[in-house]
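>>> Quick one, structure for this:
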Amino acid sequence: MGRYLLLWELDPTGVPISPQERGTAWAVLIDMVKQDLRKGTLKDWGIFVGEGNGYAVAEGTEVEVANALQQYVPYVLFQTHPVASVSQIGEVIKALSVKKPEKRRKRERTNP
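Modelled structure (predicted):
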C-alpha cells in the first residue's frame with residue numbers, strides 16, 4: 001500500500017458563474033471528500049485559501065487511488081506524487097551504506 005500527495009485543481013471551465021450554483025457544486029464536492037476521508041482513502045485534504053486548488057494525501061494501492069480519483073473527473077484535475085516514509089528512506093540509506101565488493105577490472109592486453 002502506498003501513500004500519495006495529490007495536488008488538485010478545479011477545471012475552471014466547469015465552475016458555474018452563479019454564486020448559488022457554485023455553492024451547490026462545492027457542497028457536492030465537499031461531501032465526496034468527506035466520504036473519502038471516512039473510508040480512509042484520503043488521509044488529509046485541504047484547499048489553498050482564495051484559490052481553486054489544493055492538496056490531499058491518499059493511501060492505497062495504485063488501483064484503489066486511481067479508482068477513487070475517477071469520481072472527481074472531469075471537474076478536478078490531479079497531479080499525483082508517490083511519497084516515501086521516513087522508514088522507507090531509512091532502508092534506502094541503509095542500502096547505500098553497505099559496502100559492496102568492488103568489481104575488478106579486466107586488464108587490457110597489449111599486443112607486442
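
>>> This structure: helices as residue ranges?
19-39, 62-70, 86-97 (DSSP state H).

>>> out of the ones you listed, which comes closest to residue 53?
Of all the helices of the chain, the one in closest proximity to residue 53, counting by CB to CB, is helix 19-39 (12.5 Å). Where C-beta positions appear, they are placed from N, C-alpha and C, glycine not excepted.

>>> Could you pull out the buried residues of the closest one?
25, 32-33, 36 (16 or more other CB atoms under 10 Å).

>>> One more: stretch 58-70?
The neighbour-count criterion (16+ other CB under 10 Å) identifies 58-60, 65, 68-69 as the buried residues of stretch 58-70.

>>> just to revisit the earlier point, can you list the helices of the chain in TSV and add mean pLDDT and distance to residue 54?
As requested, those are arranged in TSV below (pLDDT from 0 to 100; distance: least, CB to CB, whole Å):
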stretch	mean pLDDT	distance to residue 54
helix 19-39	92	10
helix 62-70	94	14
helix 86-97	90	24
